[in-house]
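Visitor: sequence isn't available, so here's the structure alone:
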């Protein structure tokens, strides 16, 4: 019998407990971090928490000290609603994680912008597990949730109503744009159906919900909007100022014996993680201010194209670190309270186009609403070249109905 020895070298990133805690602290909002600090105080006898700044600020009876930032969100969160349904199911730990990952990546319409392959690559789980998790979430209410696009959303709702009509499904899959433009005769010819049958199908489609997230709060799941920092004008320029007073101060009691050494080290680590969180956030905000200076300094300033990927490259950070650092975080500015995430723009022109589309539709005659083709030509006259299908896509992202559903007197 012959024995051989094979040497294999693997490069793996193993996160220590301290590294995990550092990442968790980086991701926390002000509210979550405050709760975490209080929890650590209960576990660690050497930690003291000083709330004097916050209490002095809140205890004032002067109306000038009142801030609308103290108001709580009362909207029902779709994420909470879906995760509550997930909690009732008996699933494996991996499958429950995948379902939660999918739920937390839904967009503001309730659609899932990630493909199966992307979910598989991001999470490291198998395609089989990914498909099973998708199937589970797609069975949650509201019906149509987790669809990849409008067509799938509507078809999911049809199946839930036990309607399995291939012609109707083909009408939804391939002819929604033509429907919105009133090309009924052309659709009837291609699908080989009568206009009366098409009318029946349209009546059925109108009963479906194109935006399953409608009626739910789709912002970040936090209780209070408390800004992390302020971008303000000092002298002739704008600067970033971290609002230190919005977090309690941590103090460490002196060690009386070596038995408390672990508690002491743990407290030191916590302070260091919070300081690292502050520095990372400040660096990101200073870069955002540099790239979006016109937006903050000019009354009619617009956000420019600037992505988190670009920020990561400039700051020599991983893109996931940027994502964690800005999650659920807000800033105070002359433009109001802004979510940091919204200051990154994938396409500056897209924002301008969406504003114009919304403006045109808001001012239309509801008896004769504009078609996507008309809006495309209108924008062309404004010097913006955009295809009709792109107009339709942006309109859907804005949550605006197609022409046929905006018309007051029907088709």
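Guide: Structure's in. What do you need? Worth saying up front: this structure is predicted, and the values here are computed from it rather than measured.
Visitor: residue 81: what's it in contact with?
Guide: By CB atoms under 8 Å, 6 or more residues apart in numbering, the contact list for residue 81 reads 141, 216. Every C-beta, even on glycine, is put in place using the N, C-alpha and C of the backbone.
Visitor: can you do 10 Å?
Guide: The contact partners of residue 81, taken as CB atoms under 10 Å, 6 or more residues apart in numbering, are 103, 140-142, 145, 213, 216-217.
Visitor: check residue 27 too.
Guide: 33, 277, 320-321, 323-329.
Visitor: if I look at residue 278, how far off is residue 270?
Guide: For residue 278, the distance to residue 270 equals 13 Å [CB to CB, to the nearest Å].
Visitor: what residue ranges in this protein score low on pLDDT?
Guide: 1-17, 52-76, 215, 217-225, 258-259, 346-349, 351, 399, 408-411 (pLDDT under 70).
Visitor: how about the residue nearest the centre of it, secondary structure?
Guide: Nearest to the mean C-alpha position of the chain, by CA atoms, centre = their mean, lies residue 107 at 6.0 Å. Here residue 107 is recorded as coil under DSSP: H, G, I helix; E, B strand; the rest coil.
Visitor: then residue 240?
Guide: Secondary structure state of residue 240, per three-state DSSP, is strand.
Visitor: could you do residue 141 as well?
Guide: Classified using three-state DSSP, residue 141 is coil.
Visitor: and for residue 233?
Guide: strand.
Visitor: likewise residue 90?
Guide: Assignment for residue 90 (three-state DSSP): coil.
Visitor: and it, how close does it get to residue 133?
Guide: Taken as CB to CB, the span from residue 90 to residue 133 is 14 Å.
Visitor: also residue 389?
Guide: 31 Å.
Visitor: those two: which has the busier surroundings?
Guide: It is residue 133, of residue 389 and residue 133, that has more neighbours when counted by other CB atoms under 10 Å, with 27 against 11.
Visitor: spatially nearest residue to that one (excluding sequence neighbours)?
Guide: Leaving out its chain neighbours, the residue that sits closest to residue 133 by CB to CB, 6 or more residues apart in numbering is residue 98, at 3.7 Å.
Visitor: swap in residue 291?
Guide: residue 306 (4.5 Å).
Visitor: so who does the one you found touch?
Guide: 287-288, 290-292, 314, 343-346, 348.
Visitor: residue 340 now?
Guide: 227-229, 281, 284-285, 288, 322, 325-331.
Visitor: buried stuff in the longest helix seen in the chain?
Guide: Identified as the longest helix of the chain according to DSSP state H is helix 261-291. Using 16 or more other CB atoms under 10 Å as the test for burial, helix 261-291 gives 263-264, 266-267, 270, 273-274, 277-278, 280-285, 287-289, 291.
Visitor: my read is residue 210 is in a helix, agree?
Guide: No: per three-state DSSP, residue 210 lies outside any helix segment and is coil.
Visitor: hang on, residue 300 packs against residue 352?
Guide: No: judged on CB atoms under 10 Å, residue 300 makes no contact with residue 352 at a distance of 12.0 Å.
Visitor: looking at the two, which is more packed in?
Guide: More crowded of residue 300 and residue 352, by other CB under 10 Å: residue 352, with 15 against 6.
Visitor: element containing that one?
Guide: Assigned by DSSP states H and E, residue 352 belongs to helix 348-362.
Visitor: after that helix, which helix or strand is next?
Guide: Next element after helix 348-362 (DSSP H and E): helix 372-381.
Visitor: what does that following helix contact?
Guide: 177, 180-181, 352-353, 356-357, 360-361, 364, 370-371, 384-395, 402-403.
Visitor: which among those residues count as buried?
Guide: Using 16+ other CB under 10 Å, the buried ones in the contacts of helix 372-381 are 177, 180-181, 353, 356-357, 360-361, 370-371, 386, 388, 391-395, 402-403.
Visitor: find the nearest non-adjacent residue to residue 113, please.
Guide: Closest to residue 113 by CB to CB, 6+ apart is residue 107, at 5.4 Å.
Visitor: contact partners for that neighbour?
Guide: Contacts of residue 107 (CB under 10 Å, 6+ apart): 113-114, 213, 218, 397.
Visitor: for residue 234, see how far away residue 157 is.
Guide: According to CB to CB, residue 157 stands 54 Å off from residue 234.
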